[in-house]
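**Student:** Below is the sequence, then the predicted model.
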Amino acid sequence: MENKEYTNRNYEVPEELISKTEFYDVKTPVTKILPAIDKYDAVIVKKNNKYFGIVDSRSLYKHIQDSLKISKTEYLERFINKVPKITDSTSIDDAAYYFYKSRVKALPYMKDEKIKGILRRETLLRILLSLNKFKDLKVSDAMTSPVVGIDADASIVQARKIMKNNKINRLVVIKNEKVVGILTNYDIIKKFLKPEEKLPEFKTTTFNLSNFSVSDFMMSNIITIDKDKSLADAVRMLVENSVSSIVVVDKGRPVGILTELDSILSMLSKTNVARNNIIISGLDEETYQYEDELIETLKAFVSKVEKLKNGKVDFISLHVKKFKTKSYDMYVRLGLKQQGIISSHITGYLFDRTLNDLIDLLWKEIKKRKEYSIKRSRDLSNQHEEED
């Protein structure tokens, strides 16, 4: 079903690509849906017999990543994601934007005022490939860099601390100076959620974070791709292997991570969905009031960057997350034609100040990258002169 070729005439999401899933009431204990979360990318949740939202593994795990446990008395209502609905009139570009904006693994599909199932993120990527939406894009245009690594013998406690300090969910695992695996925060959480399915060697040990090393939890069947390969080739590897990320290498050395969302963002930057090449995601009912202010701030910053030599901007994206503590988590990615992708991340309590501090951090990183580029050019020039 998902291998059908699509042309640009078929620009809306066809119903035949919609996957089945299960429906639950908001008062269902969350422990009862764990098998369904594994089987499907998301489940539909109803309230008073009407559509209320979805729950996917990401929305579930982010709520429990500190405690690493779920109470049997907790209901689905706490883990709900309110996300846009896909219909048969939704354009493919809009569907891609909804996925990036909500960062979920599947979106609900509605027809005749009823939720029929879900559109999986993997299915969307297959459609984008068939429509040649990744044309002229390279892996280096989309990857997140630099890569953060960890030794295979390090403890899981150390790994989670590194992820938290760097505000990332993935680490490349190194042993004897070679990439041997990849470790994700979600894999750790998933194993701790299901202790009854522990590996045999785990059953004889107290199931505690400090008792296990990175090699106990990492995925060893990693997939790598060269940074100069086409993004279409990378996306094809993602969907054919049913993985959410691959390691990017340069002459065998890990230089970045490419995720499904990275690929979607790079594709969106070339469409009319991004206003002035600006993509904003993560805003909720309260933070939507800042959207126009965010756009103007980012437009002004792009203008400032483009005054630099080789400062042509492909896109800028900002993701905002609001915590119950009234603090804001902001992550910005800037795509430059000459220097690739530069990113910054910050958390703060005042929206305006956090945004300004984030922009300052990004500007410093741009200047730092530019100074390094100039120094490298001078060193290469001096080297050639000496050789002559």
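**Tutor:** The structure has been received and is ready for your questions.
**Student:** what about stretch 262-275, distance to the chain center?
**Tutor:** Stretch 262-275 sits 14 Å away from the centroid of its parent chain (Cα atoms, centre = their mean, to the nearest Å).
**Student:** Could you give me the buried positions within that stretch?
**Tutor:** 262-271, 273-274 (16 or more other Cβ atoms under 10 Å). In this view, the C-beta of every residue, glycine as well, is placed from N, C-alpha and C.
**Student:** Quick one: residues in contact with it.
**Tutor:** Contact with stretch 262-275 is made by 93-94, 96-97, 99-100, 124-125, 128, 133-134, 137, 141-144, 231, 234-235, 238, 277, 279, 295, 314-315, 317, 333, 335, as judged by Cβ atoms under 8 Å, 6 or more residues apart in numbering.
**Student:** Just the buried residues of stretch 262-275: which are in helices?
**Tutor:** If you go by DSSP state H, the buried residues of stretch 262-275 have 262-268 in helices.
**Student:** Tell me the one among those residues nearest to Phe52.
**Tutor:** Ile264 (25.6 Å; Cβ to Cβ).
**Student:** Let me see the ranges of the helices in the protein.
**Tutor:** 34-39, 57-64, 92-102, 121-130, 139-142, 156-166, 185-193, 214-217, 231-240, 260-268, 291-305, 351-387.
**Student:** Output those helices as CSV; include the columns mean pLDDT.
**Tutor:** Listed next are the helices of the chain as CSV, based on pLDDT from 0 to 100:
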stretch, mean pLDDT
helix 34-39, 86
helix 57-64, 78
helix 92-102, 90
helix 121-130, 95
helix 139-142, 91
helix 156-166, 88
helix 185-193, 78
helix 214-217, 88
helix 231-240, 96
helix 260-268, 92
helix 291-305, 90
helix 351-387, 72
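**Student:** Now tabulate these in TSV and tack on distance to Ile150.
**Tutor:** Putting the helices of the chain into TSV (distance: least, Cβ to Cβ, whole Å) gives the following:
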stretch	distance to Ile150
helix 34-39	26
helix 57-64	20
helix 92-102	28
helix 121-130	27
helix 139-142	23
helix 156-166	5
helix 185-193	12
helix 214-217	6
helix 231-240	23
helix 260-268	21
helix 291-305	33
helix 351-387	23
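**Student:** Out of these, which is closest to Asp112?
**Tutor:** Of all the helices of the chain, helix 92-102 comes closest under Cβ to Cβ, at 18.8 Å.
**Student:** How about residues contacting the closest one?
**Tutor:** 11-13, 81, 83-84, 86, 90, 107, 119, 121, 124, 127-128, 131, 133, 261, 264-265, 267-268, 271-273, 279, 281-282.
**Student:** Buried subset of those residues as a PyMOL selection?
**Tutor:** Only the buried entries of the contacts of helix 92-102 go into this PyMOL selection, using 16+ other Cβ under 10 Å:
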select buried, resi 13+81+83+84+86+90+107+119+121+124+127+128+131+133+261+264+265+267+268+271+273+279+281+282
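**Student:** roughly how far out does stretch 48-64 sit from the chain middle?
**Tutor:** Worked out by Cα atoms, centre = their mean, stretch 48-64 lies 18 Å from the chain centre.
**Student:** Ok, stretch 90-110 next?
**Tutor:** 14 Å.
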